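> Output the structure for:
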Amino acid sequence: MKKILIYLIFILMLPVIVYGQSKGNSKDSHTVNTAKKMEDVIYLKNGAIVRGIIIEQVPNKSVEIKSNDNNYFIFKMDEVQKIARENRLNDPTDYKKKGFLNITEIGFGFGVNTINTYQGSFDIDGQDPILGIRTINGYQLNEYFSFGLGVGFEAFLDGDNKGALIPFTIDTRINFRKGKISPTLNLNGGYSVGVQNSSGLAANPSIGIKLYLTKKIAYIFNIGYKVQQQNVNLPDEFGVEIPRIVNYQFLSLSTGLIF
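Next up is the predicted model:
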């Protein structure tokens, strides 16, 4: 039990360690990439400003520039007020497009029904809530799609023998649009290892909203449907306890951060 908890804490702390290392190396990466963040700027006497890359400049005659939106312009020098090289302006749509990501979120599940085992006359109370936390380490392929592997900890809040679980899952997320905010479809499923009780398959599809707080960090909120399979021991008609498979069902809510 202690080894499992130590391993879980290490997994939960992994994204913090990676993020700290990347911050520690930020000075070097800034030095290397400084040139990539510069652009040519032409200020015209009529007040217009064109930003991009100067293609050709003929002294005292003309200047040709390719703008950031891939248009080409040629200006006579008597139209130009000044030419400068400046730091590139931040693109308001320039949010994270690809690379390593971590998703850390907390979740709450409302049990939605009473489950009949269909083996005898016994019903299982499926209306108890469940509380959990999970972290997912993965890769963002582009602005629309990411995948990863997750681990978490979940506990039934009923005080009986349903106990606690450690889910190991595969996570896939789809964003439906680019930019600061997007609706999402999330597919999460795998296998939950019982800490004090039985193990079983788990699935948690959901829909949600992804909102970027910075260029690299996003807030998420999801609502979905969760199924957790477990074995329970129930007596048969002769009073002999035998294992029976049940599927607990939940309306799930989760919130967290992606970075």
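> need the helices for the stretch 1-150 of the chain, in chain order.
Under the criterion DSSP state H, counting those that start in this stretch, the stretch 1-150 of the chain carries helices at the ranges 2-24, 26-33.
> Which one of the ones you listed has the poorest average confidence?
Of all the helices of the stretch 1-150 of the chain, the minimum mean pLDDT falls on helix 26-33 (a mean of 42).
> The stretch 1-150 of the chain: strands as residue ranges?
Counting by DSSP state E, counting those that start in this stretch, the stretch 1-150 of the chain has strands at residues 38-44, 49-58, 62-67, 72-76, 80-87, 99-111, 115-116, 123-124, 130-140, 145-156.
> where does the stretch 151-259 of the chain have low pLDDT?
For the stretch 151-259 of the chain, the stretches with pLDDT under 70 are 159-162, 234-237.
> where along it do the helices fall?
Using DSSP H, counting those that start in this stretch, no helices are assigned anywhere in the stretch 151-259 of the chain.
> Can you lay out the strands of the stretch 1-150 of the chain as TSV showing mean neighbour count and distance to residue 211?
All C-beta atoms are positioned from the backbone trio N, CA, C, and that covers glycine. Output for those, formatted as TSV (neighbours: other CB atoms under 10 Å; distance: least, CB to CB, whole Å):
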stretch	mean neighbour count	distance to residue 211
strand 38-44	17	29
strand 49-58	14	28
strand 62-67	17	30
strand 72-76	13	37
strand 80-87	12	27
strand 99-111	18	14
strand 115-116	16	36
strand 123-124	16	38
strand 130-140	20	16
strand 145-156	19	16
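> can you tell which of these is closest to residue 257?
Nearest to residue 257, of all these, is strand 99-111, at 5.9 Å by CB to CB.
> quick one: the closest one to strand 145-156, angle?
Angle, strand 99-111 to strand 145-156, by axes from the mean of the first three to the mean of the last three CA atoms, to 10 degrees: 40 degrees.
> So what pairs up with residue 203 in the strands?
Beta-bridge partners of residue 203, counted by DSSP bridges, are residue 189, residue 227.
> so it makes contact with residue 186?
No - with contacts defined as CB atoms under 8 Å, residue 203 does not count as touching residue 186, sitting 11.4 Å away.
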